[in-house]
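Need a 3D model of the following:
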Amino acid sequence: MEGHRALSSKQLMGRIESVYCKDFVSYSEITFHPKHYLNVLTGPNGSGKSTIVSAIILGLGGEPHLLDRSASVADYIQSNKTTATIIVGVYGRSANTTETFKRVIKSNGSSTFSVNNKDISKKNFLVAVSSYNIQVSNLCQFLPQDRVQDFSKMNPQELLLNTMSSVCDDELTQSFNLLKQMRSQQENTHANREKEKNDLVKKQKRLEHLQMTVAQYKEREDVKQKLQVFSAKKLWIETQAGEEKATQLKTQVKKAKTQSDKLKEQSNKLVQAQEQIQRRKVSYREACLEKTRSLDKAVTERNAIETQLDSLKQGICENKCELEQNIQKSFRNAAEAVKVKQLVDNKTGELENFNKNRPQILSELEKVKESCDSARRKAMEQYNRRKQLEQQLNEEKIPEIAGYKHKIDRLRNVKLQKIDEIKLRNPNLVKAMNWLAQNKQQYKLNIYDPMILELTVENHEDAKYLENVVSQRDLFAFSCEDKEDMSDLINELCVKQKLGVNIIYCAPADKCLYSPSIPRSELRPMGFRSYLVDLVTGPIPIINKLCASYSIHNIPIGTEAVGNYTSSIPKTIRVFFGGNKKFVVTASRYRSDTILTESTIRGKNQLITVDAQQLAQEMRKYSEAVRESDNIKNAITMTDNEFERLQTVTKEEQDKKRKLDQKLTHFNNLKNEVETLERKLKILQKNDALDALKSNFFNSLTKDLKKIFDIEAKLCNCLKTVDLLMVEKKLAQAKASVYMVQHESQSEALKESELLSESAAKDYQQLQNCLEEQISDINKRKSDIQRLCNGEIPNSSKFPFKKEFKDLESKSLPEIRESIHDLQARLECMKSVNSEAIDSYQQLQNEVQKLEEGIQESVNQAKTIESEMSNLYDKWEPKLTSLVETISTKFSEFMASIEYVGEVILSKTDKFDFDSYGIQIMVQFRRGAQLQPLDKFIQSGGERAVSIAIYSLSLQHVTHVPFRCVDEINQGMDAKNERHIFDLLLKEATKHGSAQYLFVTPKLLRDLNYNEHLCVSIVHNSKSVCDGMKFPMI
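Numbers count the residues shown, from 1 in each chain. Predicted coordinates:
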């Protein structure tokens, strides 16, 4: 076209060359090539016109909230697809070049971005888009269908910002932002200055108050210094007196020391003599002890000899008794030998009889052992088999049966699971259910729990159909059969308890009052299997309510094959399902035909469903497991019976074996018994034993008598030794007593000498302690003087109070003490002042000075900001005013052309109140009325649409964006206004050099004006369009 060739590469830069979509919303794959000027997209509702605008916004980095359709970008992916691809191509900066912006949307909500097939970050992607002056978030450039009304909701400030952004004058926008920053800085500086002034006044008042305190502090310090001097003088006088007393004490200590040493020497001599006497006493005492030890030893020896003698005599007596007993025993053994001989003969005969039958008994015993071992082995095999069966039953079958039973119970008790889920998401609903369960008797007729708990769907796959028909509010609503009950329940749960639950009315009934309008047999050839009401079971009143409110008796359910028969389905059916698809038939607002909307549905897992197939499968598994368990139990019973029989056989064989063993044991014992009796008989038949005992007794008696004679002789010698030692012991004790009496007086003299020595040492120590205390007191007073006089004492050359001490030389100690008392009284009468107050005074003086300097600096800074702001304002304000006047002129001109009045004004509250600057659209649609601001509460929807459209056209003359998109802005306009707007749009958007314009509308009026720069694209996107159909291209 001529116009196209006339555009320069700079004018083409940023205009859309193509828009490519794949698996995006309703498009499987499409490429749209707009023309350079005005592009009108039209077509039936739901055909995908707005989808192209959405693709442009999202493809250029926009967020889903800009479209106001869905919060997640993943919702724009076509059903059953995992990704969606958008490629927007724009004319490049050089001639005959294009730049492509690609966005791939993933099902998890993330996206990948690339420019010219090179992957980059989203931040860099948006920078590249904005470099072409494309502003996807600016309603003045992009006005999607669902955000048309948001334009009229913008306040003047937002409209000004969007207008300046669409003009693409960076200097104008930056100056505006800089002016707002300067204004904010100026206000902050002023606020800080006022705050500093308030702080300065407070600190100055505080400073005046502290000056009086400082004067009091100085006066108090003078009195304290005088008190310090007088105290030091008193201490120095007392120190000099103490030194004189210390000199006297030293002389006394020396004399006491000499006397104490003399007495100590005398006492030591007496101690030495006493030690010599003590050694002699110890020797006498040891001699006595030695005699005592010897005597004790001799007595012990005597006692041992006597014990030995008694032991020999006792032995002779015992041997005599034993001999007499053996003589008597010999007579008894002769009689017993006859009896034992007879017993041996009897048992020997019995033993001979057993030896004849022994082989037969042993053979019988071996047979019994083999039979017993065989029965025991078989019993053990039965025991092991029972153990294996019992282990299989306990470890495999019983847990398996319990698991199947738990699964069956879980499948059947879905309602309890649903209540637990509701408790987490909506605790108020469960609280209301619990209250109703306890108080149902208060109401006249039935009150049902929420529908999600009362309704059951046999097949869980069918639950999604009811969940996508009935609203969430009704699914979670209580149902009352009586209206008075409903009113009372609302008052209780919603008003009193404030639980916020929904309560509906359903008329009582005992049968379903609704039937399908079309028989099921007529719909089955089209892929339908039943109506929605056939899939749901529950209380009849609730079923009737759903039929009345949602017509579930006229909503057929079918397979995915239904999608092939949509054109054949009767028109009376407005909603139907096919597999995972929901089909809704609506009447067109512009034509007499109907529109079919198709959407994909998903289950919400809200209704109570029982998976009958899974339940039947689990029941079969459960029955099979129970049958196998019973077989195992029967096998265990049979094993137990066989085990008991074998135990009985084993017991019988063991009894036989025990009897045979007893026989063998008896005859073995009999053999041993015969041998024992024979040995006993031989012992009893011996006659020489008695003579030997008598001979041994007489020999032992002779030896013992000889020992007694020797021991008695030894005892006589021991008795003589004992008597001699007793005499010697008494002699040694007498000598020791005499010596102790002779030296007792010397011990008394020693004690007296020790007492005198200790008394002298004590006197010396007391004088020494007094001297040390006096010296310590002197040192303490000197230390106190140094503390009061900067570490110096009066006889030092550096003493600071020499003049004061010289003035006090004429004063006596009592006078000084009286002066100290007066000074202390004065000090106590003075008000105590904390030394920190002086520091606070100095700090406060510094702070006051800093505040004064800061306030002056703030004043200078405010003047500088005001000067810079005025200079910038003088440059910016004419430019902004010119922009608004240009837009207003065009707006007024366009409004006047369609017999309306309008203007655009720059609103503000103050010259430098830049936050209040805004653009106000003023319109008048009725003659005689005043101009009024554009507002959703004042103008109708059609009037707002006209105003927005004309304002958008007014921006064509001042904006520098490469293209603009407006989606269905003509909705709500009457035919007259719509024609006017289209004529204005055609006139302004097709002027040479004007920005590319995409205008989306569901309809076009007849007999509109057209020109060569206008391109009308008709969008078709449905199954009614046959494959391979060709459309004429312009």
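
Going by C-alpha atoms from here, please, whenever you check contacts or count neighbours.
OK.

For the closest residue to Thr600 other than its chain neighbours, give the beta-bridge partners.
Computed as C-alpha to C-alpha, 6 or more residues apart in numbering, the closest residue to Thr600 that is not its neighbour in sequence is Lys581, at 4.7 Å. Counting by DSSP bridges, Lys581 forms beta bridges with Gly578, Thr600.

which residues does Lys581 contact?
Glu560, Glu598, Ser599, Thr600, Ile601 (C-alpha atoms under 8 Å, 6 or more residues apart in numbering).

gap between it and Ser54?
Computed as C-alpha to C-alpha, to the nearest Å, the Lys581 to Ser54 distance reads 23 Å.

just Ser954 next, same as before
Taken as C-alpha to C-alpha, the span from Ser954 to Ser54 is 24 Å.

Next: Met212.
78 Å.

how about the helices of the stretch 251-400 of the chain, start to end?
Secondary structure of the stretch 251-400 of the chain (DSSP state H, counting those that start in this stretch): helices at 398-412.

Quick check: which ranges of it have low pLDDT?
The stretch 251-400 of the chain contains residues with pLDDT under 70 at 329-337, 350.

and what of the stretch 101-250 of the chain?
For the stretch 101-250 of the chain (pLDDT under 70), the answer is 138-153, 166-170, 210-211, 215-216, 218-219.

50 instead, please
Filtered on pLDDT under 50, the stretch 101-250 of the chain yields the residue ranges 146.

what number of residues lie near Leu1004?
16 (other C-alpha atoms under 10 Å).

What is the burial count for the residue nearest to it when sequence neighbours are not counted?
Once flanking residues are discounted, Leu1004 sits nearest to Thr42: 7.5 Å by C-alpha to C-alpha, 6+ apart. By other C-alpha under 10 Å, the residues close to Thr42 number 22.

for the one 3 residues further on, same thing?
Other residues lying near Asn45 total 19 when counted by other C-alpha under 10 Å.

Could you do Glu893 as well?
Neighbours of Glu893 under the rule other C-alpha under 10 Å: 18.

Shouldn't it be within a strand?
No - with DSSP: H, G, I helix; E, B strand; the rest coil as the criterion, Glu893 is located in helix rather than a strand.

Tell me the pLDDT of the residue nearest to Thr600.
Confidence at Lys581, expressed as pLDDT, is 89.

how near is it to Lys863?
Distance from Lys581 to Lys863, by C-alpha to C-alpha: 71 Å.

Model confidence score at Thr586, please.
Confidence score, pLDDT, at Thr586: 80.

quick one: the helix or strand containing Gln225 to helix 398-412, angle?
Assessed by DSSP states H and E, Gln225 sits inside helix 170-392. Helix 170-392 and helix 398-412 are oriented at 140 degrees to each other (axes from the mean of the first three to the mean of the last three C-alpha atoms, to 10 degrees).

And for stretch 426-435, what's in contact with it?
Residues contacting stretch 426-435 (C-alpha under 8 Å, 6+ apart): Ile419, Ile422, Lys423, Asp449, Leu493, Leu499, Gly500, Val501.

same thing but at 10 Å, please
419-424, 436-437, 439, 448-450, 476-478, 489, 492-494, 497-502 (C-alpha atoms under 10 Å, 6 or more residues apart in numbering).

now stretch 647-655
Residues contacting stretch 647-655 (C-alpha under 10 Å, 6+ apart): 367-380, 641-646, 656-658, 660-661.

Pull out the buried residues from it.
Buried residues in stretch 647-655, counted by 16 or more other C-alpha atoms under 10 Å: Gln647, Val649, Thr650, Glu653, Gln654.

Could you pull out the helices in the stretch 51-200 of the chain for me?
Using DSSP H, counting those that start in this stretch, helices in the stretch 51-200 of the chain cover 122-130, 148-153, 156-167, 170-392.

For the first one, which helices and strands make contact with it?
Meaning helix 122-130. Applying 3 or more C-alpha pairs under 10 Å, 6 or more residues apart in numbering; DSSP states H and E, one finds that helix 122-130 contacts strand 98-106, strand 111-115.

Counting neighbours, which of the contacts of stretch 647-655 end up buried?
Buried among these by 16+ other C-alpha under 10 Å: 368-369, 372, 375-376, 378-379, 642-643, 646, 656-657, 660.
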